[in-house]
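K.L.:
return a 3D structure for these sequence lines:
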Amino acid sequence: MPVLVITGTGTEVGKTVTTAAVAAAALAAGRSVAVLKPAQTGVRPDERGDAEEVARLAGEVTTAELARYPEPLAPGTAARRSGLPAVRPHDIARAAATLAKEHDLVLVEGAGGLLVRFDEEGATLADVAELLGAPVLLVASAGLGTLNTTELTARELRRRGLDLAGVVIGSWPAEPDLASRCNVADLPEVAAAPLLGALPEGAGALEPARFRAEAPGWLAARLDGVWDATAFGTDV
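P.N.:
Sure, this is the predicted structure:
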């Protein structure tokens, strides 16, 4: 799995922190890692973007960012409003392929959900995954409403013939409600893909050393971790 595309069911579901956890677990397993953020929005030139945040939490990863837009909007909209060039799927795929030549794992973190547009032609992260022939990791929220957005994303991936590697819960609450507990069993069913991890609520606020030490415990073996979905389901 030299390239893994990471998307979310929407915004604020823990995608960047999950990307950092996947990177940290891979590093702990002795793999070299690069993180590619095709389009960063809502961040000034002097501010830390998502790729830099992944590096802060995970450690020694190579970071790359292809475009940055000041307004917190979908990349295509932000590009149009700023007058800056849009980032294109072929550019993203080319950058990821170049990074893959020198790294064991390249993580391509999208913006928002799978079908958020990069340009005026409607290109999306799904197009990038198709060009790369790469599996997609879906980050979902834990609670009520997540089943619908998870299934819609999974259906679109299947419609395009893309491989959904699995689902990770981006923020598992300290005190999960009934819906969250039920979703542990329901998420892999609606996604038709395995549950590959659950990050604890507030994981991104941990000190980097602790984050790196604990990250493998949040992710399944396919993501270089030791998390067990069966045991987790029993515990909740």
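
K.L.:
remind me which residues of this protein are low pLDDT?
P.N.:
1 (pLDDT under 70).

K.L.:
just the strands in it please.
P.N.:
Applying DSSP state E to the chain gives strands spanning 3-8, 33-41, 62-69, 105-113, 136-140, 164-172, 195-200.

K.L.:
any idea which of those strands is most buried?
P.N.:
Most buried of the strands of the chain by mean neighbour count (mean count of other CB atoms under 10 Å) is strand 136-140; its value is a mean of 29. C-beta: built from backbone N, CA, C; applies to glycine.

K.L.:
within its sheet, name the partner strands of that strand and how each one runs.
P.N.:
Paired with strand 136-140 in the same sheet, following DSSP bridges, are strand 3-8 (parallel), strand 164-172 (parallel).

K.L.:
could you redo these as TSV and give each row distance to Gly110?
P.N.:
Compiled in TSV, the strands paired with strand 136-140 are given as follows (distance: least, CB to CB, whole Å):
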stretch	distance to Gly110
strand 3-8	5
strand 164-172	13
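
K.L.:
how about the ones you listed, which one is nearest Pro216?
P.N.:
For Pro216, the closest of those is strand 164-172, at 13.2 Å, according to CB to CB.

K.L.:
could you check the angle strand 195-200 makes with that closest one?
P.N.:
On the basis of axes from the mean of the first three to the mean of the last three CA atoms, to 10 degrees, strand 164-172 is oriented at 20 degrees to strand 195-200.

K.L.:
could I have strand 164-172 exported to CSV, CA atoms only?
P.N.:
Output of strand 164-172 as CSV, limited to C-alpha atoms (Å, rounded to 0.1, in the frame of the first residue of the first chain):
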residue,chain,number,x,y,z
LEU,A,164,-12.3,1.3,0.4
ALA,A,165,-9.6,0.1,2.7
GLY,A,166,-11.7,0.6,5.8
VAL,A,167,-13.2,3.1,8.2
VAL,A,168,-11.6,4.8,11.2
ILE,A,169,-13.6,6.7,13.8
GLY,A,170,-11.9,10.0,14.0
SER,A,171,-12.9,10.9,17.5
TRP,A,172,-14.2,8.3,19.9
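
K.L.:
so which of the strands paired with strand 136-140 is nearest Arg94?
P.N.:
strand 3-8 (12.0 Å).

K.L.:
and for that closest one, what's in contact with it?
P.N.:
14-15, 18-19, 22, 96-97, 100, 105-110, 112-114, 125, 128-129, 132, 134-140, 153, 165, 170 (CB atoms under 8 Å, 6 or more residues apart in numbering).

K.L.:
send the alpha carbons of it over as PDB?
P.N.:
What follows is strand 3-8, C-alpha atoms only, in PDB (Å, rounded to 0.1, in the frame of the first residue of the first chain):
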ATOM      1  CA  VAL A   3      -0.100   5.300  -1.500                       C
ATOM      2  CA  LEU A   4      -3.200   5.700   0.800                       C
ATOM      3  CA  VAL A   5      -5.800   8.400   0.100                       C
ATOM      4  CA  ILE A   6      -7.500   9.700   3.200                       C
ATOM      5  CA  THR A   7     -10.900  11.300   3.100                       C
ATOM      6  CA  GLY A   8     -13.700  12.000   5.500                       C
END
